[in-house]
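J.: Provided below are the primary sequence and the corresponding predicted coordinates.
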Amino acid sequence: MDRLDIVNEIQRTANENGGRPLGRQRFYRETGIKEADWLGRYWARWGDALNEAGFEKNELQSALPAEFLLESYASFARELGRLPVEAELRMRARGDKSFPSHGAFARLGSKQKRAGRLREYCSQRPGYEDIVRMCDAVESPHRRERQESTEVDSGFVYLIRSGHYFKIGRTNAVRRRERELALQLPERADTVHVIRTDDPVGIEAYWHARFGSKRKNGEWFDLATSDVNAFKRRKFM
């Protein structure tokens, strides 16, 4: 892990966080880069590292107000005609730098808890009746059961190597998927790393987008060692 790798990770995570750089502890949780990897080696203070990455000290992250998060959530829901799922929040944040990060919305709790907070917020404001109805639908037990069966399943996003190339895919049974690929591929396939996740679709899409410039065919990528190491630093997403 050299100086440029750390600067690139600061810029990447800030970009995913709506343009606001992460604090040192959250940066470690998100990337696996320890304080010992940079403190006294490249920089004396975290603020110096952020400055080198292009951020001023007065740009250090502060928590977004809950009202701003709820307004952003309501606006996006109105566009979709329903409350967004986790993968849609991630994709929107990647495509719109003014939109809060997925991590910021996590402060509001699970989707059901967000729906409750959003309903309380919108019920006190005229013109938000459509959002209140969306919240009521999510809070309905029957609707929640249907959503949980179709939206997000716990599982894994894996990185498998066969020959020179790497495949990024998702599964709920890593070993079974490894055996399936072994039968399909002309060369041996070895599992490099797996990330446990409660949003397999969204996390797979994240890594596909992150390595989009290195895509060769379908889910296969020509990755550098630094790319593989970045994937391996994540244990859970």
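T.: Yep, that arrived.
J.: What segments of this structure are helices?
T.: All helices of the chain, identified by DSSP state H, fall at 3-16, 24-31, 46-52, 66-80, 86-95, 102-106, 111-123, 129-139, 141-150, 174-184, 200-210, 225-232.
J.: any idea which of the ones you listed scores lowest on pLDDT?
T.: Mean pLDDT is lowest for helix 141-150 out of these, coming in at a mean of 45.
J.: mind listing what Leu118 touches?
T.: Leu70, Tyr73, Ala74, Ala77, Leu83, Leu108, Ile131, Cys135 (Cβ atoms under 8 Å, 6 or more residues apart in numbering). All C-beta spots, glycine's among them, are computed from the backbone N, C-alpha and C.
J.: Any idea which of the helices of the chain gets closest to Gly163?
T.: Gly163 sits nearest to helix 174-184 of all the helices of the chain, at 12.2 Å, using Cβ to Cβ.
J.: got the domain boundaries for this structure?
T.: Annotated domains of the chain cover 3-59, 66-150, 155-232 [automatic domain parsing].
J.: now the longest one: how far from the chain's centre is it?
T.: Domain 66-150 sits 17 Å away from the centroid of its parent chain (Cα atoms, centre = their mean, to the nearest Å).
J.: Number of residues surrounding the closest residue in space to Val7 that isn't next to it in sequence?
T.: With sequence-adjacent residues excluded and distances taken as Cβ to Cβ, 6 or more residues apart in numbering, Val7 is closest to Ala53, at 4.9 Å. Look at Ala53: counted by other Cβ atoms under 10 Å, it has 17 neighbours.
J.: For the residue nearest to Leu50 when sequence neighbours are not counted, the count of nearby residues, please.
T.: Closest residue to Leu50 in three dimensions, ignoring its sequence neighbours and counting by Cβ to Cβ, 6+ apart: Pro21, at 5.0 Å. The tally of other residues near Pro21 (other Cβ under 10 Å) stands at 25.
J.: ok, now Val194?
T.: Each residue near Val194 was counted by other Cβ under 10 Å, and the total is 21.
J.: try Gly32
T.: Gly32 has 16 nearby residues by other Cβ under 10 Å.
J.: residue contacts, the closest residue to it other than its chain neighbours?
T.: Counting by Cβ to Cβ, 6+ apart, Gly32 lies nearest to Arg233, which is 3.4 Å off, once chain neighbours are set aside. By Cβ under 8 Å, 6+ apart, the contact list for Arg233 reads Thr31, Gly32, Ile33.
J.: For Arg233, give its distance to Ala224.
T.: 15 Å (Cβ to Cβ, to the nearest Å).
J.: Please apply the same query to Ala173.
T.: The spacing between Ala173 and Ala224, counted by Cβ to Cβ, is 29 Å.
J.: do the same with Tyr128
T.: Applying Cβ to Cβ, the value for Tyr128 to Ala224 is 48 Å.
J.: out of those two, which sits in the busier spot?
T.: Each of Tyr128 and Ala224 has its neighbours counted (other Cβ under 10 Å); Tyr128 has more, 18 against 11.
J.: Just list the residues touching that one, thanks.
T.: Contact partners of Tyr128, counting by Cβ under 8 Å, 6+ apart, are Ala74, Tyr121, Cys122.
J.: For the nearest residue to the first one once chain neighbours are set aside, list the residues it contacts.
T.: For Ala74, the nearest residue in space outside its immediate sequence neighbours is Ile131; the separation is 4.9 Å by Cβ to Cβ, 6+ apart. Taking Cβ under 8 Å, 6+ apart, we find Ile131 in contact with Ala74, Ala77, Arg78, Leu118, Arg119, Cys122.
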